[in-house]
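1. Predicted model and sequence below, questions to follow.
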Amino acid sequence: MMQEQNTTVRKKGQHLTSFERGRIATLHSQGYSNRAIARALNVCHQTINNELCRGEIDQVKKVNGQRQYYAVYSPETAQAKYEANRAHCHRPLDF
């Protein structure tokens, strides 16, 4: 059996890149579901859900003189949180 149709570009277990976070933001703003975004990036749908939660920021909009809060996905915020988490996940150095 030929395996030409079942090839994957992405290996399992790799972290998302900033480019992929940008694609998630674009597809999410266009109204794609988490599963559709996951199929486009060839990752698990839970990865997309975790990423959207990680990069979610609250924005404020004034409507009729009242503040209205809404959540927006920001790939820059997600990348910054990812880098901060990676910096703290290692064993501390002993000198």
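-> That came through fine.
2. any low-confidence regions in this protein?
-> Within the chain, the stretches with pLDDT under 70 are 1-9.
3. Just the strands from it, written as ranges.
-> Under the criterion DSSP state E, the chain contains strands at 56-63, 66-73.
4. Let's have these in JSON lines, adding mean neighbour count.
-> Every residue, glycine included, has its C-beta placed from N, CA and C. Formatted as JSON lines, those follow (neighbours: other CB atoms under 10 Å):
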{"stretch": "strand 56-63", "mean neighbour count": "9"}
{"stretch": "strand 66-73", "mean neighbour count": "10"}
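5. Can you list the neighbours in contact with the longest helix anywhere in the chain?
-> Using DSSP state H to define each element, the chain has its longest helix at helix 75-88. Applying CB atoms under 8 Å, 6 or more residues apart in numbering, the contact partners of helix 75-88 are 15, 16, 18, 21, 22, 24, 25, 51, 54, 55, 56, 57.
6. Next one: the residue nearest in space to the middle of the chain from residue 15, what distance?
-> Using CA atoms, centre = their mean, the residue of the chain that lies closest to the mean C-alpha position is residue 51, 3.2 Å off. For residue 51, the distance to residue 15 equals 10 Å [CB to CB, to the nearest Å].
7. joint contacts of these two?
-> With contacts taken as CB under 8 Å, 6+ apart, residue 51 and residue 15 have no neighbour in common.
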